[in-house]
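Trainee: here is a sequence with its predicted model. Questions after.
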Amino acid sequence: WDAGIVVVAPAGNDGLSGATLGAPANNPKAICVTSAADPHTISAFATRGDGHSHPTVAAPGEFITGWDVHGSEMDQAAVQTESLRHMNDPQLMDRMQTDPAYAQLAKMPPEQRDDLIKAHLPPFYRPEPGVLATHGSCPAAAEVAGIAADLLQARPDATPDQVKQALIDSAHPMGSQYSIDDQGHGFADAWGALQKLSSYPSSRVSVRSSSKPEANSSSSSSSASSSGNSSEAASSRAE
């Protein structure tokens with residue numbers, strides 16, 4: 001960040017367990033992105049803030065589609081998940097008999113067993129051949145990293161602080177039912193962020209969270225980093 005790199009980090013997907021933001025998402029110099037189902041709904045699985053650190057903005061993170069790489073780890077998980085999702089109870093029973101770990105599930109009533117198993121499957125879907133859809137704050141963070149890259153393409157002189165401030169200033173509140181620990185400053189708006197950034201002084205400025213800009217002289221680039229069980233990174237430089 002101090003070297004002029006915009007760091008975009010996913011909030012995480014451990015909200016249902018009560019976990020709060022961890023590194024690098026809780027770093028004040030990162031743009032932390034949480035997952036939303038739509039502009040008015042934070043994903044139930046999204047990791048929340050803890051009163052000290054919180055997401056910067058929210059972005060779409062449910063049923064996000066992309067190309068499926070045949071034979072990859074995600075492809076194999078999707079194949080297994082879709083297979084289980086479409087099994088009837090006799091088929092599920094056959095599968096459970098081959099694994100002692102499922103012995104207790106085999107004793108449940110069929111309806112309860114079906115609901116329990118299918119409600120806890122990983123969020124992988126294959127809407128059509130060659131396409132994979134999934135949930136998570138990682139795809140949400142990737143979208144915001146893309147917005148950051150667009151902002152830097154429009155304003156190559158912008159600093160990481162300016163990019164973050166533009167996202168904060170243009171975000172749309174998602175409703176009074178959500179605190180800043182849930183939604184950050186609201187749902188990200190790419191066009192709104194571009195308009196905000198265009199209104200900032202051409203000289204380099206530095207801001208902290210939602211404070212007003214101050215002078216700075218950093219160079220510009222954009223990178224997205226993921227934390228949690230899996231880690232991904234994407235970076236983009238505007239020349």
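Mentor: Good, I have the coordinates.
Trainee: from now on I want contacts and neighbour counts done on CA atoms only, so please keep to that.
Mentor: OK.
Trainee: so where's this structure shaky on pLDDT?
Mentor: 100-103, 120, 122, 203-239 (pLDDT under 70).
Trainee: let's see that with 90 instead.
Mentor: When the per-residue scores of the chain are filtered using pLDDT under 90, the ranges that remain are 1-3, 15-19, 63, 65-135, 201-239.
Trainee: specify the residue positioned farthest from the middle of it.
Mentor: In terms of distance from the mean C-alpha position of the chain, Lys107 ranks first, at 37.5 Å (C-alpha atoms, centre = their mean).
Trainee: give the contact list for that one.
Mentor: Residues near Lys107 by C-alpha atoms under 8 Å, 6 or more residues apart in numbering: none.
Trainee: quick one, phi psi at it?
Mentor: Here the main-chain torsion angles of Lys107 (degrees, to the nearest 10) amount to phi -90, psi -10.
Trainee: given the lengthiest strand in the chain, what are its sheet partners and their directions?
Mentor: Scanning the chain for the longest strand, with DSSP state E as the assignment, gives strand 31-38. Counting by DSSP bridges, the strands paired with strand 31-38 are strand 5-10 (parallel), strand 41-42 (antiparallel), strand 57-60 (parallel).
Trainee: biggest helix in this protein, by residue count?
Mentor: Of all the elements of type helix in the chain, the one with the most residues (DSSP state H) is helix 137-154.
Trainee: on that earlier part again, nearest to Val163, of the strands paired with strand 31-38?
Mentor: Smallest distance to Val163 across those (C-alpha to C-alpha): 7.8 Å, for strand 5-10.
Trainee: from the chain's centroid, how far away is the closest one?
Mentor: 12 Å (C-alpha atoms, centre = their mean, to the nearest Å).
Trainee: same question for stretch 149-161.
Mentor: If you compare the mean C-alpha spot of stretch 149-161 with that of the full chain, they lie 21 Å apart, counting by C-alpha atoms, centre = their mean.
Trainee: same check on stretch 42-50?
Mentor: Distance, centroid of stretch 42-50 to centroid of chain: 10 Å (C-alpha atoms, centre = their mean).
Trainee: again, but for stretch 164-181
Mentor: Distance of stretch 164-181 from its chain centroid, counting by C-alpha atoms, centre = their mean, is 15 Å.
Trainee: what of stretch 144-159?
Mentor: 19 Å.
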